[in-house]
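[1] make a model of this:
(2 chains)
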Amino acid sequence: MAIRSEPVTVNLGPQHPSTHGVFRLRVTFDGEEVIDVEPVIGYLHRGTEKLAEGRTFVQIVTLTDRLDYVAAMSNNLAYVLAVEKLAGIEPPVRGQYLRVICAELQRIASHLIATGFLAMELGTFGGTPLMYCFRERERILDMFEMLCGARITVSYMRPGGVVQDAPDDFWTALKDFTSEMPGYIDELEALLTGNEIVLSRTRDVGILSDELAVNASVTGPMLRASRVLWDLRKADPYEVYDRLDFDIPIGSVGDTFDRYIVRVQEMRESVRILDQCMAQIEPGPVRTDAAYFLRPPAGDAYAAVEGPKGELGFYLVGDGGISPYRCKIRAPSYINLEVLRDLLVGWKMADLIIVFGSFDIVMGEVDR
Amino acid sequence: MDNVLAAGLLDFGSIYRFFDGFLPESLDWLAYAIAGGVLAFIVVNAVILSVSAFTWFERRALGRIQSRLGPNRWGPFGLLQPFADVLKLMTKEDTVPETADRPVFNAAPIVLTAASLLVFAVIPLGHESFLGRLNIGVLFIVAVTSVNTLAVFMAGWASRNKYAMFGAARGVAMLLSYEVPMGLAIVGVALAAGSLATAAVVESQAIPFFILQPLGFLVFVTAALAEMSRTPFDMIEAESELGAGYHTEYSGIKFAVMQLAEFGAPIAQSVVIVTLFLSGWRGFDPVPGWIWFLVKVFAVLAFLLWTRATWPRLRVDQIMEFAWKGLFPLALINLFAVAIEIQLLQNDAGRISTQGYWIMAAVNWGITLAAIVAMANLLGQGRLRRPAPVPSALANMQAGSD
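    I've put the predicted structure just below:
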């Protein structure tokens, strides 16, 4: 005789240790098993897109910092690329290299956070791997501080380049970092990748098929974990990515373990990119003398970058004024959440937490 | 301490006789009660003090493992941090949910703490334990530690909180399952020692029992990790899933008492492990027995801390699977092996010589290695093969812009 139990509806969040901010899930459990999931978002809504309509093109850079607040540089980059496309500005090459360096450092920092919090959600008490990840992330933030004085909300990039050239200290710090980072990644992998418990918790859990991933327009490491070889840095190269040599790691089945391992491998690739950038960069101006009150011609432009979470795009409509008529943000965290329900139903409560954790969403970007 | 206990000054019998000397014949019951009270006072305070020391050590050591500092503000090296914590918790409001089952809600922390405190009564710190030579000491330990299952369920049920209920339901399933392999491992010890008295178990360990029956030791330590619900079996609390699990609704002093039980459990289990498998107070001569005992307990605690700091948590069904498919057969193998060996090696008096112990140890190490390798191949992740990463046909970056 099968045991029958009554479904229990539980509010996971907005105040919950592992909802990555203020995400809320209304979950119906049958015992431990998830039978229904209903995401509730909007607790961090600040109206960024509307605010952008009342600011000048340069001022909006500070708004983008607060979207994906663990990857401000990538947001900066996507936005300034859109403005440059709209206004027809070509930034100097050194500025482009600096932007790529920042974007790749930011990718490492963001993936460190994703990996560390996934490990924490797997139940490492007090988050030992998380603390290791934070130790390395701290160095990246220190380097950002050298560049622009800020660590999280950097606002380093401007339409037409970056705000200022990097100091000499930055290059020494970067060199040390790229030479030591592979060892740190090895250390992190030694703690997690071969661990029997990590494997039994993550393998074949929450499989995202390549078909569903493409149909739901999932992007970023999640898409690549599902075997789809798609990276905007290669598919539609922006900045100087076409001069750099790097590989696109993909997963083998699309489960939680793949989403973890793809991020780890992307960190290694980012270190490679940084090394090449350091070798290739040459002295020169870092910024065009574009006006502060930029007046792009009327028209529209869409530019997207391969952010740490996926395809981060800005669609700008200009009416010839000093601020955009409309600023639409394609936030990868939000779009990746589309497949949440398909991945969670039928799994246990503990799986719910780690599958959701492997999405690596940031609420600042989901709610905007 | 060894001398004090060996001279019979601190066990129940001698305290009772001491007070009985002052009191008239008709007040025997009073002497009995006073002796019990004095003993309880000593044990409870000793345990609470060692728990505070342990919380300090745990937090500092975790800090070192995680490349941070840990508490270092109150007192030298933060030694007064546990007292600051308790004082803070005492001044907090003690809230009880409106729909809670108040009597049960209030009783749960006490039941939980009492269980881990009672274990100390029968542990031999020297030749004697606090309760003297209780002849069913091992049975007493098994009985007392299983009470925490009830306490966890009381706390979870009485809270009327869904998270607490999840924690409690998980707790009952897990704690009950792990008592089976734990009990079987203890039977192995009792067979080898020929007695259920904790003092006799220690005295019979001419070689420590973890050398004699390594498989039983491993099973017991693993089951003990589950019984104290620490990683990788900490799903009762599972802070990343359930917030705080069964004690979600507790605050103030009740929360402090629950924490006392939670941090007392590792100490209690380490003490049991040391007594049953690491030959208790026995050691080499110039060093007194109680120092040996403390060093061994500390070593076990440090090991428990290490696993806690580095391992993730198993899922609820995997924990049950591990108990019934993994530990249960291993415990049975150990039990059968030990029983057969004892039958073959015992002399006419039913005892086994030290030489016989070494033969048993040699055979058991072979059995242990074979059993663990076999189990790892049956249950481990190594048996799963993953396909090589093949790019999906659904998207092609090299196909030009589309």
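[2] what's the local residue count around the closest residue to A:R368 other than its chain neighbours?
    Leaving aside its sequence neighbours, A:R368 sits nearest to A:T48 (CB to CB, 6 or more residues apart in numbering or on different chains; 4.6 Å). In short, each C-beta sits where N, CA and C put it, glycine included. If you count neighbours by other CB atoms under 10 Å in any protein chain shown, A:T48 ends up with 19.
[3] low-confidence ranges in the chain?
    Going with chain A. Where chain A drops to pLDDT under 70, the residues are A:1-3, A:126.
[4] wrong chain, I was asking about chain B
    Chain B contains residues with pLDDT under 70 at B:1-12, B:125-133, B:238-239, B:350, B:383, B:398-402.
[5] tell me the contacts of the residue at minimal distance from the centre of it?
    Chain B has B:Q269 as the residue nearest its centroid, 2.4 Å off, counting by CA atoms, centre = their mean. B:Q269 sits next to B:T145, B:A224, B:E227, B:M228, B:L304 when contact means CB atoms under 8 Å, 6 or more residues apart in numbering or on different chains.
[6] A:D319 too?
    A:D319 neighbours (CB under 8 Å, 6+ apart): A:A298, A:Y325.
[7] from A:S323, how far off is the residue nearest to A:R368?
    Using CB to CB, to the nearest Å, A:T48 is found at 14 Å from A:S323.
[8] with respect to A:C102, which of the contacts of B:Q269 is nearest?
    B:L304 (43.8 Å; CB to CB).
[9] could you verify my assumption that that closest one touches B:R230?
    Yes. B:L304 lies in contact with B:R230 (CB atoms under 8 Å); the separation is 6.5 Å.
[10] which single residue in the stretch 251-400 of chain B comes nearest to chain A?
    Of all residues in the stretch 251-400 of chain B, B:R313 sits closest to chain A, at 2.6 Å by CB to the nearest CB.
[11] which residues does that residue contact?
    Taking CB under 8 Å, 6+ apart as the test, what B:R313 contacts is A:L122, A:G123, A:T124, A:I197, A:R201, A:A350, B:T231, B:P232, B:F233, B:D234, B:M235, B:A238.
[12] one step back: which residues do B:L304 and B:R230 both contact?
    By CB under 8 Å, 6+ apart, the residues touching both B:L304 and B:R230 are B:P266.
[13] count the residues that sit near B:P389.
    18.
[14] which ones are touching it?
    Here B:P389 is in contact with A:R227, A:P249, A:I250, A:G251, A:S252 (criterion: CB under 8 Å, 6+ apart).
[15] that older thread, the residue nearest to the centre of chain B: helix or strand, and which one exactly?
    helix B:252-277 (DSSP states H and E).
[16] again with B:I333
    Per DSSP H and E, B:I333 falls inside helix B:328-345.
[17] that helix and chain A, any residue contact?
    No. Using CB under 8 Å from any CB of the partner chain, we find that helix B:328-345 stays clear of chain A, coming within 15.8 Å at best.
[18] residues from the stretch 151-300 of chain A in reach of chain B?
    Proximity of the stretch 151-300 of chain A to chain B (CB under 8 Å from any CB) is limited to residues A:191, A:195-201, A:203-204, A:210-211, A:214, A:226-231, A:234-236, A:248-253.
[19] torsion angles phi and psi at A:P283?
    The phi and psi values for A:P283, taken as degrees, to the nearest 10, are phi -60, psi 160.
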